[in-house]
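**Student:** Next input, structure requested:
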Amino acid sequence: MRAAATAAAVSAVIGAVGGAAATAAPVPSLFPAGQTIAVVGQNSGCSGLIDYTLDTDPAKPGVVAVMLVSRGMNGIGPAWDANPVCPIDFDIMWDAAYFGFGSVAGNQREAVEFNPTTRPGDSLRTEIFTGGGLHVLSITAGYVSPAYNELRPQISFAGGGYILVP
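**Tutor:** Purely as a prediction, here's the structure:
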């Protein structure tokens with residue numbers, strides 16, 4: 001009798017959980033320096049902080065959604081006064097590209113242009129396909145492109161660490 005009751009309770013819990021719609025979930029990760037990037041952008045020395053989050057969707061295994069969110073940018077000078085937008089070219093790199101093997105890992109790098117303003121909350125979302133498993137990841141706004149073919153008037157601290165993708 002007790003075994004039947006336990007089986008019924010477990011069945012009810014599994015049925016309730018299994019019947020729920022799949023939703024985005026944070027990626028299990030280890031980011032030793034946190035998930036905020038200090039950056040100087042490409043318009044009159046504009047600067048500010050960018051937070052990033054990583055999510056996965058159970059309907060898309062191996063895909064990571066990267067969300068960049070500005071805390072608000074600041075700048076000085078007439079160019080900033082005329083156009084208070086801070087263009088930043090971010091490079092999201094994982095696995096072999098993270099270690100500098102960009103030529104053999106072209107598919108392990110995603111370049112995105114983010115144009116935050118003075119308003120906190122400006123955001124950009126992109127998806128990267130890492131595949132499942134443990135990966136090393138970096139998000140940075142470097143002054144040299146990873147392919148070494150472009151100089152950019154910007155700089156940032158790199159954000160990154162390890163992620164476990166379902």
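**Student:** from memory Arg152 sits against Thr140, does it?
**Tutor:** No - checked against C-beta atoms under 8 Å, the pair Arg152 and Thr140 is beyond contact range at 11.1 Å. All C-beta atoms are positioned from the backbone trio N, CA, C, and that covers glycine.
**Student:** Mind checking which of the two has more residues around it?
**Tutor:** Legend: neighbour count by other C-beta atoms under 10 Å for Arg152 and Thr140, higher for Thr140 (20 against 16).
**Student:** Quick check: bridge partners of the more buried one?
**Tutor:** Counting by DSSP bridges, Thr140 forms beta bridges with Asp91.
**Student:** other SSEs contacting the helix or strand encompassing Ile37?
**Tutor:** Per DSSP states H and E, Ile37 falls inside strand 36-40. Counting contacts by 3 or more C-beta pairs under 8 Å, 6 or more residues apart in numbering; DSSP states H and E, strand 36-40 packs against strand 47-56, strand 155-156.
**Student:** Following element in sequence after the first one, please.
**Tutor:** The reference is to strand 47-56. strand 63-74.
**Student:** Show me the residue sitting in the middle of this structure in space.
**Tutor:** Val66 (3.2 Å; C-alpha atoms, centre = their mean).
**Student:** Give me the distance between that residue and Gly45.
**Tutor:** Distance, Val66 to Gly45, by C-beta to C-beta, to the nearest Å: 26 Å.
**Student:** Same check on Asp81?
**Tutor:** Distance from Asp81 to Gly45, by C-beta to C-beta: 13 Å.
**Student:** Please say which of these two ends up with more neighbours.
**Tutor:** Legend: neighbour count by other C-beta under 10 Å for Asp81 and Gly45, higher for Gly45 (16 against 10).
**Student:** check which helix or strand covers the more buried one.
**Tutor:** With DSSP H and E as the test, Gly45 turns up in no helix or strand.
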